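Peer 1: Pasting a predicted model and its sequence here:
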Amino acid sequence: MKLGYHIGYWSSGPPEGAVEAIRTAEELGFDSVWTAEGYGSDALTPLAWWGAATSRIKLGTNIVQMSARTPTATAMAAMTLDHLSGGRFVLGLGASGPQVVEGWYGQPYPKPLARTREYVEIVRKVVAREQPVTHDGRFYQLPLRDGTGLGKPLKATVHPLRRHIPIYLAAEGPKNVALSAEICDGWLPLFFSPRSDDFYRGALREGFARRGEQPADFEVAASVPVIVHDDVEQAADLIRPALALYIGGMGAKTMNFHHDVFARMGYQDVADKVQELYLGGNKAEAAAAIPTSLIEDTSLIGPPAKIREELAAWEESVVTTLLLRGDAAMLRKVADVLS
């Protein structure tokens, strides 16, 4: 199983020690480094800036939000970064949710699966650069269907370094996971649990069946909290606030994809309680309501021996890469435990 480094979201500014951590990840033999975007920093600029300090490690976005850019703009950025990195770029895409899409980008959030399919298709066409790009879809038209009539099909002036840049799809629901297997090169799960492996294998099989094959190099890069600590409860306490935010506050009560993941995992009552407390302004109580068992299902926490024992279940799952977070010292510590 490969290791990757996920820098994560910025808070009020750039994370301290990011370049040192990225260089450490490359030194330790990590396979990839990833950036994120929500409604603060973007994913592409830091990846280019910090990625310039590396020479081997893959550079990925986890994720570029589709509503933030047109498909052609994303394809342009992908080709640019692929050239600048010498063919190390991985494009991680995601639909995000209506709270961000409508509230921040001012874009509608209809039919995310169909929209994702069109988006990926256009990006593929631009990068392949086989002919001027046209697309007559429900969500995207190239040239624009009801414009001035002066638009014409265009082909990128830049020749791609690679005519096929890997695209990974961030997905949590079964239909979106199946879509990643059907049209993409990888899947970026969040809150994956080895207990749910059969469920996700089924979704991936459905997508591969529609594709007509299962690519041997299909990647599943899962963000997994790993905390080496002699006290399991203290380690769990470090994760609880972030989980409470995702389960309770990342989305509306009527539509929260993260909440749904834990409900499917068997924690419906817990997820409902955490959401109720969090949306009611009781964030500390929401975090305290998360049982350690839920954290252990989606994380690797505790003493080294415990983590090594539980790692076996992850190695037997569909996951091909564990994405870790933290500073350079943490990466060295965790890499030593997982190696």
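Peer 2: Ah, there it is.

Peer 1: how about the residue nearest the centre of the chain, what does it touch?
Peer 2: Centroid check for the chain by Cα atoms, centre = their mean gives residue 62 as the closest residue, at 3.8 Å. Remark: with contacts taken as Cβ atoms under 8 Å, 6 or more residues apart in numbering, residue 62 is in contact with 6, 34, 35, 36, 43, 92, 168, 170, 188, 221, 223, 323. Placement of C-beta: from N, CA and C, glycine included.

Peer 1: Got the phi and psi for the second one?
Peer 2: Put plainly, it is residue 34. Phi and psi for residue 34, reported as degrees, to the nearest 10, are phi -130, psi 150.

Peer 1: circling back: which of the contacts of residue 62 fall in strands?
Peer 2: Among those, the ones falling in strands (DSSP state E) are 6, 34, 35, 92, 168, 170, 188, 221, 223, 323.

Peer 1: For the closest residue to the first one other than its chain neighbours, name its beta-bridge partners.
Peer 2: Beyond its immediate neighbours in the sequence, the residue positioned closest to residue 6 (Cβ to Cβ, 6 or more residues apart in numbering) is residue 323, lying 4.2 Å away. Using DSSP bridges, the beta-bridge partners of residue 323 come out as residue 4, residue 223.

Peer 1: got a list of what residue 323 touches?
Peer 2: 3, 4, 5, 6, 32, 34, 62, 221, 222, 223, 224.

Peer 1: what mean pLDDT does stretch 281-290 have?
Peer 2: Stretch 281-290 comes out with an average pLDDT of 97.

Peer 1: so residue 33 makes contact with residue 48?
Peer 2: No. Assessed by Cβ atoms under 8 Å, residue 33 is found out of contact with residue 48, at 12.0 Å.

Peer 1: and those two? which has more neighbours close in?
Peer 2: residue 33 (27 against 16; other Cβ atoms under 10 Å).

Peer 1: Look up how far residue 244 lies from that one.
Peer 2: From residue 33 over to residue 244 the distance is 27 Å, taken as Cβ to Cβ, to the nearest Å.

Peer 1: related to what we said a few turns ago, closest to residue 208 out of the contacts of residue 62?
Peer 2: residue 168 (15.3 Å; Cβ to Cβ).

Peer 1: who's the residue nearest to the closest one when sequence neighbours are not counted bridged to?
Peer 2: Distances taken as Cβ to Cβ, 6+ apart place residue 186 nearest to residue 168, at 3.6 Å, with adjacent residues excluded. Residue 186 forms beta bridges with residue 168, residue 219, as assigned by DSSP bridges.

Peer 1: Do a quick rundown of the strands in the chain.
Peer 2: 2-6, 32-35, 58-61, 64-65, 89-94, 135-136, 141-142, 167-170, 186-188, 219-223, 226-228, 300-302, 321-324.

Peer 1: What mean pLDDT does stretch 46-61 get?
Peer 2: 97.

Peer 1: Look at that stretch and report the distance between its end residues.
Peer 2: 10 Å (Cα to Cα, to the nearest Å).

Peer 1: hang on, the earlier thing: dump the contacts of residue 62 to CSV, plus distance to residue 128 and pLDDT.
Peer 2: Below are these laid out as CSV (distance: Cβ to Cβ, whole Å; pLDDT from 0 to 100):
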residue, distance to residue 128, pLDDT
6, 29, 97
34, 25, 98
35, 25, 98
36, 27, 97
43, 23, 98
92, 19, 98
168, 18, 98
170, 23, 98
188, 23, 98
221, 24, 98
223, 30, 96
323, 28, 97
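
Peer 1: which one of those is nearest residue 316?
Peer 2: For the contacts of residue 62, the nearest to residue 316 is residue 221 (16.7 Å; Cβ to Cβ).

Peer 1: residues near that closest one, how many?
Peer 2: Neighbour number of residue 221 under other Cβ under 10 Å is 28.

Peer 1: same check, this time on the one 3 residues further on
Peer 2: Under the neighbour criterion other Cβ under 10 Å, residue 224 is assigned a count of 23.
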